[in-house]
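Enquirer: Curious how this folds, go ahead:
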Amino acid sequence: QVQLVESGGGLVQAGGSLRLSCAASGITFSSYAMVWFRQAPGKDREFVAAIRWIGARTYYADSVKGRFTISADNAKNTMYLQMNSLKPEDAAVYLCAARRSRETTGWDVVGAYNYWGQGTQVTVSS
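Expert: Okay, the predicted model is just below:
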């Protein structure tokens, strides 16, 4: 049984930092690409960042480039999202997701992901 469990969300002032974690069980990290999405109230789910084990490649949405860093610890089957210089518009529920590495559709295609976590809330006060 596959489980993705996010943690690390909370309330932070604009300009502050948070580190999110996504602990995975039931899958082999090296066989999957792992991503972070976010969803604000009344808005569509938005791609944030992805990490692909093959070649250790990372990908980011333009809105977070230079502020967010995605990483992972293969030994712990855990993915992280370090978020710096947070802005009020970064506030959302952040969800991690996994899809098989051979999948080639765009990172923002929600239907391409095999597994999802429940999400962790990030609130940014101005």
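
Enquirer: so the nearest residue to Ala112 once chain neighbours are set aside, which of the three states?
Expert: With CB to CB, 6 or more residues apart in numbering as the measure, Thr105 is the residue that lies nearest to Ala112, at 4.5 Å, once sequence neighbours are left out. Every C-beta, even on glycine, is put in place using the N, C-alpha and C of the backbone. Classification of Thr105 using DSSP: H, G, I helix; E, B strand; the rest coil returns coil.

Enquirer: Give me the phi and psi for Thr105.
Expert: Backbone torsions for Thr105, taken as degrees, to the nearest 10, come to phi -70, psi 170.

Enquirer: Report the central residue of this protein.
Expert: Trp36 (1.8 Å; CA atoms, centre = their mean).

Enquirer: From Ala98, how far off is it?
Expert: Relative to Ala98, Trp36 is positioned 11 Å away (CB to CB, to the nearest Å).

Enquirer: Ser71 too?
Expert: Between Ser71 and Ala98 the computed distance is 15 Å (CB to CB).

Enquirer: If you count surrounding residues, which of these two has more?
Expert: Remark: of Ser71 and Ala98, Ala98 carries more neighbours, 23 against 14, as counted by other CB atoms under 10 Å.
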